[in-house]
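Undergrad: one predicted model, sequence on top.
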Amino acid sequence: MNILISNASDKPIYEQITSQLKQMIINGELEAGSQLSSMRMLAKELRISVITTKRAYEDLERDGFIYTVVGKGSYVAEKNMEFIREEQLKIVEDYLTKAVEGAKAGGIELDEMQEILQILYKEDR
């Protein structure tokens, strides 16, 4: 797993781990049934506390991205496409909220924002 931790980020470390692992699962980089590094191993690799990795794994398990088998480890769960779509919508809403705040601060009107969004959305197609 290639997880990058930024001390400059305003996000806590466990959230950085959680969001990066979620993205890897959603993108298919980590397939269902794949075993994750143990909490201790990940903590050692990232040079962080085991408590931090434990919190990240607990959040991932709570959200249905991974499951844990006692004595064996943690594994990527089968994808729940409806849940994954909700996660993606949440991420997009967060970005759009920031974009709208910036647009309002800069005096950019809604029709201009819609035009920008249409251009950006069609750009990769």
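TA: Okay, I see it.

Undergrad: going forward, measure contacts and count neighbours with C-alpha atoms only.
TA: OK.

Undergrad: so which helix or strand takes in the residue of the chain most remote from its centre?
TA: In the chain, Gly107 marks the outermost C-alpha relative to the chain mean, sitting 31.2 Å out by Cα atoms, centre = their mean. Assessed by DSSP states H and E, Gly107 sits outside every helix and strand.

Undergrad: just give me the residue right at the centre of this protein.
TA: Geometric centre of the chain, nearest residue: Ser19, 2.4 Å, by Cα atoms, centre = their mean.

Undergrad: could you list the domains of the chain?
TA: Here the domain assignment for the chain is 13-76, 81-123, based on automatic domain parsing.

Undergrad: what is the end-to-end distance of the last one?
TA: What it means is domain 81-123. In domain 81-123, first residue to last residue: 26 Å (Cα to Cα, to the nearest Å).

Undergrad: surely Ser74 forms part of a helix?
TA: No - applying DSSP: H, G, I helix; E, B strand; the rest coil, one finds Ser74 to be strand, outside a helix.

Undergrad: element containing Asn7?
TA: Asn7 belongs to no helix or strand, assigned by DSSP H and E.

Undergrad: measure it to Glu112 for me?
TA: Computed as Cα to Cα, the Asn7 to Glu112 distance reads 36 Å.

Undergrad: which stretches of the chain have low pLDDT?
TA: 124-125 (pLDDT under 70).

Undergrad: all strands for it, in order.
TA: For the chain, the strands defined by DSSP state E occupy 66-69, 73-76.
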